[in-house]
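# Here is a sequence together with a model predicted from it:
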Amino acid sequence: MLRYHMQGFSGYGVQYSPFFDNRLAVAAGSNFGLVGNGKLFILEIDRSGRIVEVNSFLTQDCLFDLAWNESHENQVLVAQGDGTLRLFDTTFKEFPIAIFKEHEREVFSCNWNLVNRQNFLSSSWDGSIKIWSPLRKQSLMTLTPRPLEITKMVDPLNAIILKKKSFTGISKNRNCVYQAQFSPHDQNLVLSCSGNSYASLFDIRLPSGKNQNNFLVHSGLEALTCDFNKYRPYVVATGGVDNAIRIWDIRMLNKNESATIKRTVPGQLHNSSCINEIPNAHGLAIRKVTWSPHHSNILMSASYDMTCRIWRDLSNDGAKETYKTNSTDATKGSIFNFTQHSEFVFGADWSLWGKPGYVASTAWDGNLFVWNGLG
Amino acid sequence: MNSNRCQTNEVNKFISSTEKGPFTGRDNTLSFNKIGSRLNSPPILKDKIELKFLQHSEDLNQSRSYVNIRPRTLEDQSYKFEAPNLNDNETSWAKDFRYNFPKNVEPPIENQIANLNINNGLRTSQTDFPLGFYSQKNFNIASFPVVDHQIFKTTGLEHPINSHIDSLINAEFSELEASSLEEDVHTEEENSGTSLEDEETAMKGLASDIIEFCDNNSANKDVKERLNSSKFMGLMGSISDGSIVLKKDNGTERNLQKHVGFCFQNSGNWAGLEFHDVEDRIA
């Protein structure tokens, strides 16, 4: 296990470089991201196994997420609390090379398109998802998940990212889009999850009004994270405030879940597209889920309970469907539980390099750990 | 018959003399016009003249002697009618006429005739002949003063009024702008203060809620132990009890007042990482 401490800053997001096997970027905020500066750390693992800082960029506001430019080895995109996205060049000092400002509230996530490598997206508390090109300041497209149901937040811990907002205002974050991701298989497919407990699937080729499918994912509680499986194009995972991880087959999205058709079957208790569930995967809300780039049936989760866990999706044996669920397993499919963090764990990423199983995680304790969850 | 002939001649003479006097220097055409105009005079005036003459004729008939007066001719342009020198010894119609005149309260016939005819003639001539002139003149006069008046209005009235109005408007706008700016500043100050205070209150409430949630949460023992040892939870506790508060930016720009970190309530020292202002620009 390797460790690096960011003095005075809390980690919010971490990602391995897609070009260098020993380089990572970490998005962080001071004072637990509640108020104050943010900072982007560019770290490298040297030959002796030490993690060293090669560059850093101080920002005016907290950084909530980051994404490497998939077509430029030195550029990193960050999502900032003031509603902007900033593109930094790791060979530069101090200032970004581009600023993208259209969101009206904090930007909670950003993701670079892995297929065309020419676009990136952002999701914000203002309830919108924007698709951008690094070559122009204006967004290319704005997607808005249509709020189908107003829910009230139950877990106040999620309010910690609602900087300087009243608790009574937490119930207003139902439209907050906590995360959005491009599909690694289809450059036109976008998945997002929102505070209203819905995940939204967008086909950006379709006209507005017909381009999204919404499905309830976390029993009315906030959906905080989502990710596409890297090998099964139609499988996605979500995590939320109900402490559960759910796995969905988007091929089987019920038409009743469509935004244009309201649910009319009162007896239907579960969405037909949910193929697996890990109930109570953590002791508190799930903040991050991410599928392994090396295995089709392994995923990782990070939580407010200060742990990271590696799970095996028991509904698939790596070759075919097994029709089992993790809820029926004694261990619920848990492979590894990382407990070294002492604060809420917000960021986690698999390493593309080296032995499969290496991951990096970061938390509000200011620590970045590099560890192996698959032995 | 002779008397009738003489009466006619006298009338003509008087008319001629009256006509010649005030219009000396006019050409014959004008004279003829006047004569024609005279001939066309209203019957009332004509009868009145005859009555006067007849009255004097009666007086003349009553006189004991008759003095013959040299008749005037049209050619004699320089002739002027003058009463003969009267003596106490002489008696004549003239004397009788002269004596009778003071008794008559009416104006002298010549003056009366002159007044009647000349005035009428003057009015007639002025009305008829210079009609175009007067019209033109009136038009010119009317136009010129109007132009002058307009110019005067433009220069003397409109401009001063506009200047005055402009100055008043400018003054009013200045006052409104000043008061508006003051109000804006005041409102901004109030809003800024209110917003910052609201944020502090909200943060304190949030911290309390988080503490309460963690205490009441049914998480397992391991999670509770982790939460109890969490620095974040410690910070929430300090915020909840008021020992740590949000730190305001002490920048000079009022509009940019905001919270930049946490500080201890008592000492005001930074409780966390100190804030550094970062310039918002591109490399």
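Right, received. Where do you want to start?
# got the residue ranges for the helices in the stretch 101-250 of chain A?
Counting by DSSP state H, counting those that start in this stretch, the stretch 101-250 of chain A has no helices at all.
# mind showing which ranges of it have poor pLDDT?
The stretch 101-250 of chain A contains residues with pLDDT under 70 at A:147-172.
# Enumerate the residues of chain B near chain A.
Applying Cβ under 8 Å from any Cβ of the partner chain, one finds that chain B approaches chain A through B:198-199, B:201-203, B:205-206, B:209-210, B:213-214, B:217, B:219-220, B:222-223, B:226, B:229-232, B:235, B:246, B:259-262, B:272-273, B:275-283. In this view, the C-beta of every residue, glycine as well, is placed from N, C-alpha and C.
# Any stretches of the stretch 151-283 of chain B with poor pLDDT?
Within the stretch 151-283 of chain B, the stretches with pLDDT under 70 are B:151-195, B:218-219, B:250-256.
# And the helices in it?
Secondary structure of the stretch 151-283 of chain B, counting by DSSP H, counting those that start in this stretch: helices at B:159-216, B:221-228, B:231-241.
# Kindly report the residues of the stretch 201-350 of chain A close to chain B.
A:Gly283, A:Leu284, A:Asp305, A:Met306, A:Ser342, A:Glu343, A:Phe344.
# Can you lay out these as TSV showing secondary structure, pLDDT and neighbour count?
TSV is the format used below for these (DSSP: H, G, I helix; E, B strand; the rest coil; pLDDT from 0 to 100; neighbours: other Cβ atoms under 10 Å in any protein chain shown):
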residue	secondary structure	pLDDT	neighbour count
A:Gly283	coil	93	21
A:Leu284	coil	94	23
A:Asp305	coil	95	26
A:Met306	coil	97	26
A:Ser342	coil	96	17
A:Glu343	coil	96	22
A:Phe344	coil	96	28
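# Selection in PyMOL covering whichever of the residues of chain B next to chain A are buried, please.
Entered in PyMOL, the line below selects the buried ones among the residues of chain B next to chain A, by 16 or more other Cβ atoms under 10 Å in any protein chain shown:
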select buried, chain B and resi 199+202+203+205+206+209+210+213+214+217+219+223+226+230+232+235+246+259+260+261+262+272+273+275
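# picking that back up, could the residues of the stretch 201-350 of chain A next to chain B go into a markdown table alongside distance to A:Asp365?
As requested, those are arranged in a markdown table below (distance: Cβ to Cβ, whole Å):
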| residue | distance to A:Asp365 |
| --- | --- |
| A:Gly283 | 17 |
| A:Leu284 | 15 |
| A:Asp305 | 13 |
| A:Met306 | 8 |
| A:Ser342 | 5 |
| A:Glu343 | 4 |
| A:Phe344 | 9 |
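# And these, which is closest to chain B?
A:Gly283 (3.8 Å; Cβ to the nearest Cβ).
# Would you mind confirming that the closest one is in contact with B:Glu225?
No: counting by Cβ atoms under 8 Å, A:Gly283 stays clear of B:Glu225, with 10.9 Å between them.
# dump the residue contacts of B:Asp215.
If you count contacts by Cβ atoms under 8 Å, 6 or more residues apart in numbering or on different chains, B:Asp215 has none.
# Just give the nearest non-adjacent residue to A:Thr84, would you?
Once flanking residues are discounted, A:Thr84 sits nearest to A:Lys101: 4.5 Å by Cβ to Cβ, 6 or more residues apart in numbering or on different chains.
# Same question for A:Asn213.
Excluding the flanking residues, the one nearest A:Asn213 by Cβ to Cβ, 6+ apart is A:Leu201, at 4.5 Å.
# Over to A:Met141?
Nearest to A:Met141 is A:Ile131, by Cβ to Cβ, 6+ apart, at 4.3 Å.
# what's the neighbour count on the one you found?
By other Cβ atoms under 10 Å in any protein chain shown, 19 other residues sit near A:Ile131.
# how about the residue nearest to A:Thr84, what does it touch?
A:Lys101 touches A:Gly83, A:Thr84, A:Leu85, A:Lys137, counting by Cβ under 8 Å, 6+ apart.
# Go ahead and confirm the second one touches A:Phe100.
Read that as A:Thr84. Yes: if you go by Cβ under 8 Å, A:Thr84 and A:Phe100 touch, sitting 6.4 Å apart.
# between those two, which one's more packed in?
A:Phe100 (26 against 21).
# measure that one to B:Ile282 for me?
11 Å (Cβ to Cβ, to the nearest Å).
# And for A:Asn196?
Distance, A:Asn196 to B:Ile282, using Cβ to Cβ: 36 Å.
# Can you give me the domain assignment for chain B?
B:2-156, B:195-264 (automatic domain parsing).
# And for B:Val278, nearest residue in space, chain neighbours not counted?
Nearest residue to B:Val278, sequence neighbours excluded (Cβ to Cβ, 6+ apart): A:Gln60, at 4.3 Å.
# if I read this right, the one you found contacts B:Val260, doesn't it?
No: with contact defined as Cβ under 8 Å, A:Gln60 does not count as touching B:Val260 (9.9 Å).
# What residues does the residue nearest to B:Val278 make contact with?
Per Cβ under 8 Å, 6+ apart, neighbours of A:Gln60: A:Asn37, A:Gly38, A:Gln80, A:Asp82, B:Asp277, B:Val278, B:Asp280.
# Strands along the stretch 151-300 of chain A, start to end?
Applying DSSP state E, counting those that start in this stretch to the stretch 151-300 of chain A gives strands spanning A:177-182, A:189-194, A:198-203, A:212-216, A:223-228, A:235-240, A:245-249, A:274-278, A:286-291, A:298-303.
# Can I get those in a markdown table including mean neighbour count?
What follows is these, written out as a markdown table (neighbours: other Cβ atoms under 10 Å in any protein chain shown):
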| stretch | mean neighbour count |
| --- | --- |
| strand A:177-182 | 26 |
| strand A:189-194 | 26 |
| strand A:198-203 | 23 |
| strand A:212-216 | 21 |
| strand A:223-228 | 26 |
| strand A:235-240 | 27 |
| strand A:245-249 | 26 |
| strand A:274-278 | 22 |
| strand A:286-291 | 26 |
| strand A:298-303 | 26 |
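# Give the full set of residues in contact with A:Ser109.
Residues near A:Ser109 by Cβ under 8 Å, 6+ apart: A:Phe64, A:Asp65, A:Ala79, A:Ser122, A:Ser123, A:Val177, A:Tyr178, A:Gln179, A:Ala180.
# So what sits opposite it in the bridge?
For A:Ser109, the beta-bridge assignment (DSSP bridges) gives partners A:Ser123.
# now it: how far from A:Ala319?
32 Å.
# repeat for A:Asp329
Distance from A:Asp329 to A:Ala319, by Cβ to Cβ: 19 Å.
# These two: which has the busier surroundings?
Neighbours were tallied for A:Asp329 and for A:Ala319 using other Cβ under 10 Å; the higher tally belongs to A:Asp329 (13 against 8).
# State the distance from that one to chain B.
Distance, A:Asp329 to chain B, using Cβ to the nearest Cβ, to the nearest Å: 19 Å.
# That residue reaches A:Leu314, doesn't it?
Yes: between A:Asp329 and A:Leu314 there is a contact at 5.9 Å, judged by Cβ under 8 Å.
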